[in-house]
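Peer 1: here you go, sequence then predicted model.
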Amino acid sequence: MPKIRILIVDDHAILRDGIRTLLERQVNIQVVGEAANGREAVSLVGELRPDLVLMDIAMPEMNGLEATQKIKELYPHTRVLILTQHDNREFITPLLQAGASGYILKKSGGRELISAIQEVYEQGAFLEPTITRQLLDDYSQFGLASHTPMKRLTRREQEVLRLLISGKSNKEIAYELMISPKTVSVHRSKIMSKLDVHNIFELLHAVSRYHLLELEKTIDLFDDKNQN
């Protein structure tokens, strides 16, 4: 099994050391480098070609937002997972729009960080339940569209969609619905195509904007997951 090659980007050396120690304990993760600012990060991505960049936001010379934009522009296949102490809406949305594949808070535990890295590497996206709830709250303000794309989805696709936006991986959805992960992937692709979205963040936007699911039930799913 290939290792996930990671570049750690943070202006605090002691934090980089701690993250490196944590990640290098994992048999499927390899830390290929470290950067102390965004400008250095962009250069190292070009040199090292990591699978994933673990990116801080507030840094000298070039911040995490600018670095993420540049990395996605130059190396679109490299995924960026934001690791920061900020959980404000004003920080979240611009980073996702810049191309970040996920967002996790520094107060999260080591297990949560490892899980987020694996989710971004395998599925292409990760959001903490609390952050997803904020995004759904924001997107709900767009109002009801003139038509409901939900009608285009089969009953099974609706089940997969509900579980997908609750933060479950393909494997978890497959286990819950008693189908294969490959079948989940097929349903996921069809859902994206029918709703004309290209990633999990656009999907969350569509779910709220078109009222595809009842918002309160969706939030309950996140709350239940957070408590378990």
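Peer 2: Arrived safely, thanks for sending.

Peer 1: is it true that V45 touches L7?
Peer 2: Yes: with contact defined as Cβ atoms under 8 Å, V45 counts as touching L7 (6.4 Å). The C-beta positions use only the backbone N, C-alpha and C, and glycine is treated the same way.

Peer 1: between these two, which contacts overlap?
Peer 2: Among the neighbours of V45, those also in contact with L7 (Cβ atoms under 8 Å, 6 or more residues apart in numbering) are V53.

Peer 1: those two: which has the busier surroundings?
Peer 2: Counted by other Cβ atoms under 10 Å, V45 and L7 do not tie: L7 has more neighbours, with 25 against 22.

Peer 1: in space, what's closest to that one - neighbours in sequence excluded?
Peer 2: P50 (4.2 Å; Cβ to Cβ, 6 or more residues apart in numbering).

Peer 1: number of residues surrounding the one you found?
Peer 2: 24.

Peer 1: and the helices in the protein?
Peer 2: With DSSP state H as the criterion, the chain has helices at 13-23, 38-48, 64-74, 89-97, 110-123, 129-139, 155-165, 170-177, 181-195, 200-209, 215-227.

Peer 1: just the pLDDT for the residue nearest to L7.
Peer 2: P50 carries a pLDDT value of 97.

Peer 1: re earlier: okay if I get the helices of the chain as a markdown table plus distance to D56?
Peer 2: Putting those into a markdown table (distance: least, Cβ to Cβ, whole Å) gives the following:
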| stretch | distance to D56 |
| --- | --- |
| helix 13-23 | 8 |
| helix 38-48 | 9 |
| helix 64-74 | 5 |
| helix 89-97 | 11 |
| helix 110-123 | 13 |
| helix 129-139 | 16 |
| helix 155-165 | 27 |
| helix 170-177 | 29 |
| helix 181-195 | 30 |
| helix 200-209 | 20 |
| helix 215-227 | 24 |
